[in-house]
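Visitor: quick one: sequence plus predicted model below, questions after.
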Amino acid sequence: METIRLTMAQALLRFLDAQYMSEDGVETKFVAGVMGIFGHGNVTGIGEALERSPGSLTYVQGKNEQGMAHAATAYAKQKNRKQIYACTSSIGPGALNMVTAAGTATVNRIPLLLLPGDNFASRQPDPVLQQIEAPGDYTLSATDCFKPVSRYWDRIVRPEQLMSAALNAMRVLTDPAETGAVTLALPQDVQAEAYDYPASFFAKRVHYRDRTLPAAEAIERCVRLAAAAKRPLIVAGGGVRYSGASEALAAFADAFGIPVAETQAGRGALHWSHPLNVGGIGVTGGLAANRLAKEADLIIGIGTRYSDFTTASKSAFAREGAVFLNINVSGMDAAKLEGTAWIGDAKAALEALHERLFALGYRTAYGANEIADIRALWNAEIDRLYALEREDGLAQTRALGVVNETIGDEAVIVCAAGSLPGDLQRLWRTGTPDGYHLEYGFSCMGYEVSGAFGAALAAPDRDVYAFVGDGSYLMLHSELVTSLQEGRKFTILLFDNHGFQCIHNLQRGHGSDGFGNEFRYREPSSSRYTGAYMPMDFAAHARSLGAAAYKADSAETLREALLRAREESVTTLIEIAVLPGTNTDGYESWWNVGVPEVSAGERVVEAHAAMKRKIGEARPY
């Protein structure tokens, strides 16, 4: 047997460089490169391998471990999970910084390969700098924290263990149902140890993503269920996008007259102007989808995990006897809400179901103009909010309208947290299936700037925009610098509303007077932040890092800034002053957040009583 003597780190890179993904006969190199920040724990292991023998892998220097892992997640999402960047870190705090990003990737079903450094396997120098010692279990280290947020976790304590670990890592990363964060903990001494690896381990490997269908009996059950529905509603999730099923979805909806509602991950599954697209659904959904959901007798969930935002805490689908047909590659998601499960690929499922229902002559029982009328009502509301003028400043919805009208259909927008995701799911008029890039499984503050860099890395010919509140920007913006270093421009739209206004609104909506969520000064001798708003010059901060920057406080200055930003050659920040509390809310939806049963505040107790009533109306499973 031919062997090649390499260190474990060198062998890992050589293996990753030979992995490919194949779908519908199209091969894609799976690992584009490695993002990393070096320290003891990886600099003389993977760091040496990247310096001396990277193969065709590109190294990207991160500025914050969480930020670079978010960027890698966004890259994989924008590539429809067909290509990834791995991420390497030192031990201790460098590794732990990636735990939040691991959770973000896993919740959103996005492949993310993490390669954190770990303690010496030999234990000879320990405790080393940054090592966590567990007195009762000396096998524990910082990297054990990745276990609950990883779909696959392994610690490689001998160089030959790399072979089984790497194959298992690829099994999970390339599986559409099982994918998420994969963590390979790499002890710093083992990274540098050599082994005679079989040459076959480094041969080109193609991982096939086949479009699967369930057994014939399962298909029959699903066809019978669909054929009996009078008022079905499709809920399109991220699986529609990752399956490349947008055209199949449009053909299916058109053939039978079925309205399509979209989750955050599924937004853009249909063009916003499609006559059967009724927009976002659930807590952050709009009037059209939420009203139709209340009367639907069959909900066809396609590639959705049915989060509490999608189901409005299980209150959205209120019709007595309403049933669910769940098309999903994941058996766990397909079984939710006691649904009839079609476990398989979204595109293949839609095509098969289309053929069977067409042969049966199926058609829904919606009124001739029912869907058109409710779409018209909702589009009029969007128009009103986009045109909303305030004498005291710029409303957030007006700002979004200006942006939507100015940047064009081909742009990619990235967002994750605060009030912006709700406004975007309700109001944003999407032009392309991959132009709406929302991380709303974890709603991770700090994803926005990092994610926009990852999206720009994945789509260099597209204009990319990060929609971020001032609170999220302050949490994490480090990969702005990486974008300048890499020459991958994107535009940051920073909505400055003086704090965490989304949660401030949530508080006040449940009996609070507002506490701890606005960026105000503390008054002398006060226990609360009740002083003036803190003035922050975000544009000046961006310029200090090397970015271009503009300010806007009106529709006119915002439009001008957007046009000027388009001409810039480097990442650009537009600081947009918006009025607090001018985001959207409601539209016949409800979110169960848990309200105190006992409180000194009378309005809190009233809010608790209202919550109990809504819980009684929601589905119990």
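Guide: Happy to help now that I have it.

Visitor: okay, domains of this protein per the record?
Guide: Listed by automatic domain parsing, the domain ranges of the chain are 3-208, 216-368, 387-498+534-577.

Visitor: reformat these as JSON lines; add mean neighbour count.
Guide: Placement of C-beta: from N, CA and C, glycine included. As requested, these are exported to JSON lines (neighbours: other CB atoms under 10 Å):
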{"stretch": "domain 3-208", "mean neighbour count": "21"}
{"stretch": "domain 216-368", "mean neighbour count": "21"}
{"stretch": "domain 387-498+534-577", "mean neighbour count": "21"}
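
Visitor: quick one, which of the ones you listed is nearest to Val605?
Guide: Nearest to Val605, of all those, is domain 216-368, at 20.2 Å by CB to CB.

Visitor: mean confidence for that closest one?
Guide: Averaged over domain 216-368, pLDDT sits at 96.

Visitor: also stretch 423-434?
Guide: Stretch 423-434 shows a mean pLDDT of 95.

Visitor: ok, residues contacting it?
Guide: Contacts to stretch 423-434, defined as CB atoms under 8 Å, 6 or more residues apart in numbering, come from residues 78, 80, 240-241, 246, 262, 264, 267-269, 271-273, 279-280, 284-286, 382, 385-386, 396-397, 400-401, 404, 408-410, 412-413, 415, 436, 438, 459, 467, 583-584, 587.

Visitor: repeat the analysis, applying 7 Å as the threshold.
Guide: Stretch 423-434 is contacted from outside by 78, 241, 246, 264, 267-269, 271-272, 280, 284-286, 382, 385-386, 396-397, 400, 404, 409-410, 415, 436, 438, 467, 583-584, 587, using CB atoms under 7 Å, 6 or more residues apart in numbering.

Visitor: and for stretch 257-267?
Guide: In contact with stretch 257-267 (CB under 7 Å, 6+ apart) are residues 232-238, 240-241, 249, 253, 269-270, 276-281, 285, 289, 292-293, 303-304, 310, 363-364, 366, 371, 421, 425, 430, 436, 438, 440.

Visitor: swap in stretch 469-478?
Guide: 63-64, 66-67, 417-418, 420, 445-446, 448-450, 494-497, 499-500, 536, 538.

Visitor: what is the end-to-end distance of that stretch?
Guide: End-to-end distance of stretch 469-478 (CA to CA, to the nearest Å): 15 Å.

Visitor: if we can go back for a sec, in CSV: the domains of the chain, plus distance to Val604.
Guide: CSV is the format used below for these (distance: least, CB to CB, whole Å):
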stretch, distance to Val604
domain 3-208, 30
domain 216-368, 19
domain 387-498+534-577, 22
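
Visitor: for those, which one sits closest to Gln507?
Guide: Comparison of the domains of the chain against Gln507 by CB to CB identifies domain 387-498+534-577 as nearest, at 13.0 Å.

Visitor: next one: that closest one to chain centre, how far?
Guide: Counting by CA atoms, centre = their mean, to the nearest Å, domain 387-498+534-577 is centred 16 Å from the centre of its parent chain.

Visitor: repeat for stretch 198-206
Guide: Centroid separation for stretch 198-206 versus its chain: 33 Å, with CA atoms, centre = their mean.

Visitor: which residue is nearest the centroid of this structure?
Guide: By CA atoms, centre = their mean, the mean C-alpha position of the chain lies nearest to Glu439, the distance being 2.3 Å.

Visitor: now that one: how far from Glu606?
Guide: For Glu439, the distance to Glu606 equals 34 Å [CB to CB, to the nearest Å].

Visitor: one more: Val235?
Guide: To Glu606, Val235 is 32 Å away according to CB to CB.

Visitor: kindly report the same for Ala540.
Guide: Plainly put, Ala540 is 45 Å away from Glu606 if you go by CB to CB.

Visitor: what do you get for Ser90?
Guide: Distance of Ser90 to Glu606, computed by CB to CB: 52 Å.

Visitor: ditto for Ala387
Guide: Separation of Ala387 from Glu606 (CB to CB): 35 Å.

Visitor: same thing with Pro176?
Guide: Taking CB to CB as the measure, Pro176 falls 46 Å from Glu606.

Visitor: what's next to stretch 55-73, contact-wise?
Guide: Here stretch 55-73 has contacts from 13-14, 16-17, 31-37, 50, 84-85, 87, 89, 94, 97-98, 100-101, 104-105, 110, 112, 114, 446-447, 450-451, 453-454, 476, 478-479, 481-482, 485-486, using CB under 7 Å, 6+ apart.

Visitor: contacts only, for the closest residue to the residue nearest to the centre of the chain other than its chain neighbours.
Guide: Among residues not flanking Glu439 along the chain, Ala416 sits closest, at 4.2 Å (CB to CB, 6 or more residues apart in numbering). Contacts for Ala416 (CB under 7 Å, 6+ apart) come out as Leu438, Glu439, Tyr440, Ser443, Cys444, Met445, Tyr447, Glu448, Gly451.

Visitor: of the contacts of stretch 257-267, which belong to helices?
Guide: Under the assignment DSSP state H, the contacts of stretch 257-267 contribute Gly238, Val240, Arg241, Leu249, Ala253, Ala289, Leu292, Ala293, Ile371, Pro421, Gln425 to helices.

Visitor: so can I have TSV of those residues showing distance to Cys145?
Guide: Shown next, in TSV, are those (distance: CB to CB, whole Å):
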residue	distance to Cys145
Gly238	27
Val240	33
Arg241	31
Leu249	39
Ala253	44
Ala289	38
Leu292	43
Ala293	39
Ile371	48
Pro421	27
Gln425	32
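
Visitor: next up, the contacts around the residue nearest to Ala269 when sequence neighbours are not counted.
Guide: Spatial nearest neighbour of Ala269, chain neighbours left out: Ala236 (4.0 Å); criterion: CB to CB, 6+ apart. Residues counted as contacts of Ala236 (CB under 7 Å, 6+ apart) are Leu249, Val260, Glu262, Thr263, Gly266, Ala269, Ile302.

Visitor: one more time with 6 Å, if that's ok
Guide: Ala236 is in contact with Val260, Glu262, Gly266, Ala269, Ile302, counting by CB atoms under 6 Å, 6 or more residues apart in numbering.

Visitor: now, these that are in strands?
Guide: Under the assignment DSSP state E, those contribute Val260, Glu262, Ile302 to strands.

Visitor: ok, the residues you listed vs Gln124, which is closest?
Guide: Among these, Ile302 lies closest to Gln124 (CB to CB), at 54.6 Å.

Visitor: for the residue lying closest to the closest one once chain neighbours are set aside, name its beta-bridge partners.
Guide: Setting aside the residues directly before and after it, Ile302 is nearest to Ile327 in space (CB to CB, 6+ apart), at 4.7 Å. Beta-bridge partners recorded for Ile327 (DSSP bridges): Ile302, Trp342.

Visitor: measure Ile327 to Thr263 for me?
Guide: Here the criterion is CB to CB. By it, Ile327 lies 14 Å from Thr263.

Visitor: what do you get for Met35?
Guide: Plainly put, Met35 is 28 Å away from Thr263 if you go by CB to CB.

Visitor: where does pLDDT dip in the stretch 351-500 of the chain?
Guide: Low-confidence segments of the stretch 351-500 of the chain, defined by pLDDT under 70, are absent.
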